[in-house]
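Trainee: Just need the structure, nothing else, for what follows:
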Amino acid sequence: FDKMVGAEASAGNARLMLLMMLLLYPIRATHAIGYQRFRRLAFVGSPNNLWRPSTKIASFGACAHHLSLQQQALARGNKALAVDPLWSWEQRNTGTNREWATHIGVWRHYNASGLAEQPIFPIPWTSGRLAKNLRLSDGDTFDLWSVLESSAAGLFNGGNLPNRTSDLHRDLRATFTKKPWRMTRLRSLLPSSYPCTWPEEADVLRVTIVRPGACTIAGVPYIPKLPLAQSTAADERAQNITVPHPLVYEMWLSESHQGVPEAIKSGLFVHYDAVHGNLIECFRMKELALFDGQLLRDPAAAIDFDLLSAATAGISASSREHLTTPHAQALLRGVPISDIVEKAQWQGDVRVHHFADGPLGGEVAWQVIFRSLFVVWLQIPTYHRIFTSFVFFIHIDWQAQEVGAQDFVTPSSDSSDLFVTRGVPHGDMTEMFHSLVFDDGFYAKVPRHLGLFEDGISLEIGCLRTQDCGGGLQRLLVLGDRSQGGFHSLCHEVWAS
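Mentor: Below is the predicted model:
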C-alpha cells in the first residue's frame, strides 16, 4: 500500500488516511471495485467528469444481487454508477471487424410439454446446425448473417426463414444500429400487436452486456400486470381477436478459449405470450468459434456443415473436459445448484445492472465481490482515486457480508421474500418453473406460465466454467416484479474457489 501511494503521499500520511477512512466511513467492502472497472462504467468526459455518481436506485433491487426485500429497502439510498447509454454497444465482442467472424452452433428446440415431462436432458422436437457470421459494416452498424439447417429454424421467426438455392439451407439476416441501450421495438422484428391501452414500453426490447465477454441478455423488460393481461384476454375473446403479443428473452453466457473472447457461447431463448402467459417457444443455443485459419469468408457460398463441425471438434472437446469433475457430475444428476455451491464453498463475484427508471430509462450498475477491502484498495492506482472512490461509491454499512456460498439464492426454488405468488404457498416455487439440466453442464430455470406470477418473477441460466476460465460456475439471474411493470435487475455471478 505504501509503495502504491508512492510520490503522492508519504507512508505516514497514507496510514493516517487509512485510519481516517476506517473511522469516518464505515465500509461496505462488497461495494468496492477497482478504479479501472468503475472508470469503464462512468460517463466518458473530461478528467473531472470521470467519476459521476448516479441517481439513487429508485425501485426494487439494490445492494448485492438478490437479497431480501428488507435488505434491499435498506440499500435504496445507496449510490450506484450511472451506465453510459452506449456501454452495451461499445463493450460488445461481436461485429467489431470488417471480416466475417463465424461461430458454428446447434439450436435445439423444445416444447413446453416435453420440458415438463423430462427436465433432465430434455429431448428436443427438432434440432440443427447453423453458422452465425458477424462483421462490422461501419462505425455505427454491424451485420448478422446466419445460415441454418432447416431443422435448426424451429418456430423462430415463425419458421419462415428464406431458403437458399446454393445449399437448401435457410438464411437469417439483420443489421444492428448503434442506439442508446441498444433499444428497439419488438414489432419491427417479429409479427406482433399490443393494445393501445398498454404503455409505450410494452414492446421495447433492449440488449444489455451485464459483464463484458461473459454475459449478455436481449429481452423485453415490460410484463403487463396480471389484471391488465386478464382484462386484455377477455376483451380479445369477446371481439374474436387473435394476434401475437410476444415477450422474448435471449440470454447468453460466454467463455474465452485460447485468448479469443466469447469463443464458447451457451444460451437460451424463451418466448411467452404477454396476454395469455403460455410458453410458446424455448430453444438451447451452443456456439463455438471458428479461428482465423478456418474463417468462413463468404456466407453466400454453399456451406458444408460436416466440414465446419469437424473444424470445431477441438474447441468442442475442450468445452466438455470439465464435465468429469464431481461438481459437474452432481449437476448432471439433477442435484440443486445451490447444494453444489454450498458444498464446494465457492465465493461469488456479482455484477448488477438495474433499470433505474423503467424499461425506457437509464441503467445503474454496481458490483459485489468477496475479496478483502485491502486487496480491493491495491487495485486503485493513486491516493486521490482511493479517496474519490470512497466518497462516491462505498455504502456505509458495518453489517456487510462477504458473498460466500451461504449467500447463493435460487429464487425459483428457495423460500424467499422476493416472491409473493398467486395461489402458491410461500416458498413452494418448484412447480412454477421448468428446472432444466442439459448434458453440457448448462442449466436453466424459467417460468412454466406467466399466469402463475403476479409479483416477483425471475429467469435463470447457468453453466459450469471450463478450467481455462478458472472453473466454478457462472450464471445470469433476471429479477422482476410483475406488479411493478416487469424485469428490473440483471445479475451476472461468477462462483469459484
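Trainee: Next secondary structure after the host helix or strand of S88?
Mentor: For S88, the host element (DSSP states H and E) is helix 87-90. Using DSSP H and E, the helix or strand that follows helix 87-90 in sequence is strand 101-110.
Trainee: average model confidence for whichever helix or strand comes after that following strand?
Mentor: Per DSSP H and E, the first helix or strand lying C-terminal to strand 101-110 is helix 112-117. Averaging pLDDT along helix 112-117 gives 91.
Trainee: can you list contacts of helix 112-117?
Mentor: Helix 112-117 is touched from outside by 122-125, 278-279, 282, 434, 436, 448, with contacts defined as C-beta atoms under 8 Å, 6 or more residues apart in numbering. In short, each C-beta sits where N, CA and C put it, glycine included.
Trainee: farthest pair in those?
Mentor: I123 and N278 (20.3 Å; C-beta to C-beta).
Trainee: Confirm for me that G213 is in contact with E262.
Mentor: Yes: assessed by C-beta atoms under 8 Å, G213 is found in contact with E262 at 5.9 Å.
Trainee: what sits in contact with each of the two?
Mentor: Both G213 and E262 are contacted by 93, 254, 256, under the criterion C-beta under 8 Å, 6+ apart.
Trainee: Go through the residues you listed and say which is closest to A330.
Mentor: Taking C-beta to C-beta as the measure, A330 lies nearest S254 of the shared contacts of G213 and E262, at 23.5 Å.
Trainee: Quick check: that closest one is in a strand.
Mentor: Yes: assignment of S254 by DSSP: H, G, I helix; E, B strand; the rest coil places it within a strand.
Trainee: any low-confidence regions in the stretch 1-150 of the chain?
Mentor: 1-79 (pLDDT under 70).
Trainee: Actually, the stretch 201-350 of the chain.
Mentor: Residues of the stretch 201-350 of the chain meeting the criterion pLDDT under 70: 293.
Trainee: for it, what spans make up the strands?
Mentor: 204-211, 215-219, 246-257, 260-273, 279-289, 347-355 (DSSP state E, counting those that start in this stretch).
Trainee: what angle do the fourth one and strand 101-110 make?
Mentor: What that stands for is strand 260-273. Here the directions of strand 260-273 and strand 101-110 differ by 30 degrees (axes from the mean of the first three to the mean of the last three C-alpha atoms, to 10 degrees).
Trainee: do the same with the first one
Mentor: Strand 204-211 runs at 120 degrees relative to strand 101-110, counting by the same axes, to 10 degrees.
Trainee: Pairing partners for strand 204-211, with directions?
Mentor: Next to strand 204-211 in the sheet, as set by DSSP bridges, lie strand 183-185 (antiparallel), strand 215-219 (antiparallel).
Trainee: now, of those, which is deepest in the fold?
Mentor: strand 215-219 (a mean of 24; mean count of other C-beta atoms under 10 Å).
Trainee: contacting residues around that one?
Mentor: With C-beta under 8 Å, 6+ apart as the criterion, strand 215-219 contacts 88, 92, 182, 205-210, 247-254, 351, 474, 476, 478, 487, 490, 492.
Trainee: So R170 is in contact with L148, correct?
Mentor: Yes: counting by C-beta under 8 Å, R170 does reach L148; the two are 4.5 Å apart.
Trainee: Give me the common contacts of those two.
Mentor: Applying C-beta under 8 Å, 6+ apart, one finds that R170 and L148 are jointly contacted by L161.
Trainee: mind listing what the spatially closest residue to G472 that is not a sequence neighbour touches?
Mentor: Spatial nearest neighbour of G472, excluding adjacent residues (C-beta to C-beta, 6 or more residues apart in numbering): A496 at 3.0 Å. By C-beta under 8 Å, 6+ apart, the contact set of A496 is 346-347, 465, 470-473.
Trainee: Now do the helix holding S88: distance to the chain's middle.
Mentor: What separates the centre of helix 87-90 from the centre of its chain is 14 Å, taken as C-alpha atoms, centre = their mean, to the nearest Å.
Trainee: list the buried ones in it?
Mentor: For helix 87-90, burial by neighbour count (16 or more other C-beta atoms under 10 Å) applies to 87-89.
Trainee: That one packs against which elements?
Mentor: strand 204-211 (3 or more C-beta pairs under 8 Å, 6 or more residues apart in numbering; DSSP states H and E).
Trainee: pLDDT of stretch 488-497, averaged?
Mentor: For stretch 488-497, mean pLDDT is 91.
Trainee: how about that stretch: buried residues?
Mentor: Judged by neighbour count using 16+ other C-beta under 10 Å, the buried positions of stretch 488-497 are 488-496.
Trainee: Sort out which one of these lies nearest K132 for me.
Mentor: The closest of the buried residues of stretch 488-497 to K132 turns out to be H492 (C-beta to C-beta; 21.8 Å).
Trainee: what's near enough to touch the closest one?
Mentor: Residues near H492 by C-beta under 8 Å, 6+ apart: 210-211, 214-215, 350-351, 474-477.
Trainee: So among the residues you listed, which ones count as buried?
Mentor: In the contacts of H492, the ones that pass as buried (16+ other C-beta under 10 Å) are 210-211, 214-215, 350-351, 474-477.
Trainee: In ChimeraX, how would I select the buried members of the contacts of helix 112-117?
Mentor: Typed into ChimeraX, the line below selects the buried ones among these, using 16+ other C-beta under 10 Å:
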select :122,124,279,282,434,436,448
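Trainee: In a markdown table: the strands of the stretch 201-350 of the chain, plus distance to E321.
Mentor: A markdown table is the format used below for the strands of the stretch 201-350 of the chain (distance: least, C-beta to C-beta, whole Å):
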| stretch | distance to E321 |
| --- | --- |
| strand 204-211 | 23 |
| strand 215-219 | 22 |
| strand 246-257 | 11 |
| strand 260-273 | 12 |
| strand 279-289 | 14 |
| strand 347-355 | 23 |
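Trainee: D339: which of those strands is closest?
Mentor: Closest among the strands of the stretch 201-350 of the chain, once you apply C-beta to C-beta, is strand 347-355, at 15.6 Å.
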